[in-house]
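Novice: can you look at this prediction? I've put the sequence above it.
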Amino acid sequence: MESVLGGSAEVIDVKVEIGDEWPYTVNVEVYVKTRYPKRGLGRMLDEVLEQAFREFAGKAEEKGIQAIS
């Protein structure tokens, strides 16, 4: 996230909760505070999270776990 924000982030807080019962759920909350207003920040964070979920799904699939969307 920091590379996407160009070093303008003062605080990045990511909270991830993974359910412990089938079907497993993943909930992610992201809090970002920047030094100055950043236009399109929501879209940027959405793209970063989408990429992270794609990587997560790929690693899960390697372990034999298939994501349900």
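Specialist: That came through, no problem. Computed from a predicted model, the values in this text were never measured in an experiment. Residues are numbered from 1 along each chain as shown.

Novice: from memory Ser8 sits against Lys38, does it?
Specialist: Yes: assessed by CB atoms under 8 Å, Ser8 is found in contact with Lys38 at 6.3 Å. Glycine gets a C-beta too; all of them are placed from N, C-alpha and C.

Novice: what's near enough to touch the most centrally placed residue in the chain?
Specialist: In the chain, the C-alpha nearest the mean C-alpha coordinate belongs to Leu49, at 3.1 Å (CA atoms, centre = their mean). Applying CB atoms under 8 Å, 6 or more residues apart in numbering to Leu49 gives the contacts 28, 30.

Novice: cool, and Glu10?
Specialist: By CB under 8 Å, 6+ apart, the neighbours of Glu10 are 33-35.

Novice: try Ile12
Specialist: Ile12 neighbours (CB under 8 Å, 6+ apart): 1-2, 30-32.

Novice: Met29 should be in a helix, yeah?
Specialist: You called it Met, but residue 29 is Glu. No: with DSSP: H, G, I helix; E, B strand; the rest coil as the criterion, Glu29 is assigned strand and is not in a helix.

Novice: partners of it in the sheet?
Specialist: Lys15 (DSSP bridges).

Novice: show me where this protein has its strands.
Specialist: 9-18, 26-34 (DSSP state E).

Novice: could you measure from the closest residue to Val11 other than its chain neighbours over to Asp13?
Specialist: In space, and not counting its chain neighbours, Val11 is closest to Lys33: 4.1 Å by CB to CB, 6 or more residues apart in numbering. Remark: distance between Lys33 and Asp13 (CB to CB, to the nearest Å) = 9 Å.
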